[in-house]
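Novice: sequence first, predicted coordinates after that:
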Amino acid sequence: MELGLVAIGAGLAVGITALGTAYAQGRIGSAGMGALAEKEELRGIVLILVALPETMVILGFAVAAMIIFFLRT
């Protein structure tokens, strides 16, 4: 029972952060493409802004790994 709850918690840690990141990247990506259509020199900044939300998934994965390794019985 406890091992199943640990697995559910780890899955939620990654899944919820992935959903938030997907939403943020969609909004940032569409706005970034609009900005690139007007000013081509913003390419580097838009690339950084699109890649920035990925850190949230990496942190969610780190939390999931800590949940699995520290809470398993």
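Specialist: Okay, I see it.
Novice: contacts and neighbour counts: CA atoms only from here.
Specialist: Will do.
Novice: element containing the most centrally placed residue in the chain, please.
Specialist: The centre of the chain sits closest to residue 57, judged by Cα atoms, centre = their mean, with a distance of 3.0 Å. According to DSSP states H and E, residue 57 maps onto helix 54-71.
Novice: equivalent analysis for residue 6, please.
Specialist: Taking DSSP H and E as the definition, one finds residue 6 inside helix 2-38.
Novice: state the next helix or strand along the chain beyond that helix.
Specialist: On the C-terminal side of helix 2-38, the closest following helix or strand by DSSP H and E is helix 43-51.
Novice: what are the buried residues along that next one?
Specialist: Across helix 43-51, burial judged by 16 or more other Cα atoms under 10 Å covers 46, 50.
Novice: counting contacts, what elements does that helix pack onto?
Specialist: With contacts taken as 3 or more Cα pairs under 8 Å, 6 or more residues apart in numbering; DSSP states H and E, helix 43-51 sits against helix 2-38.
Novice: packing partners for the helix it packs on?
Specialist: With contacts defined as 3+ Cα pairs under 8 Å, 6+ apart, helix 2-38 has these neighbours: helix 43-51, helix 54-71.
Novice: between those, which one is nearest to residue 6?
Specialist: Smallest distance to residue 6 across the helices and strands packed on helix 2-38 (Cα to Cα): 6.4 Å, for helix 54-71.
Novice: tell me which residues of the helix holding residue 6 are tucked away?
Specialist: Applying 16+ other Cα under 10 Å to helix 2-38 flags 6-7, 9-11, 13-15, 17-18, 21, 24-25, 28-29, 32 as buried.
Novice: out of the helices and strands packed on helix 2-38, the one nearest residue 37 is which?
Specialist: Closest among the helices and strands packed on helix 2-38, once you apply Cα to Cα, is helix 43-51, at 10.0 Å.
Novice: only the C-alpha atoms, please, for the closest one, written as CSV.
Specialist: Taking Å, rounded to 0.1, in the frame of the first residue of the first chain, the C-alpha atoms of helix 43-51 are listed here in CSV:
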residue,chain,number,x,y,z
ARG,A,43,16.0,34.9,-31.8
GLY,A,44,18.4,34.2,-28.8
ILE,A,45,16.1,35.8,-26.2
VAL,A,46,13.1,33.8,-27.5
LEU,A,47,15.1,30.6,-27.4
ILE,A,48,16.1,31.2,-23.8
LEU,A,49,12.5,32.1,-22.8
VAL,A,50,11.2,28.9,-24.4
ALA,A,51,13.8,26.7,-22.7
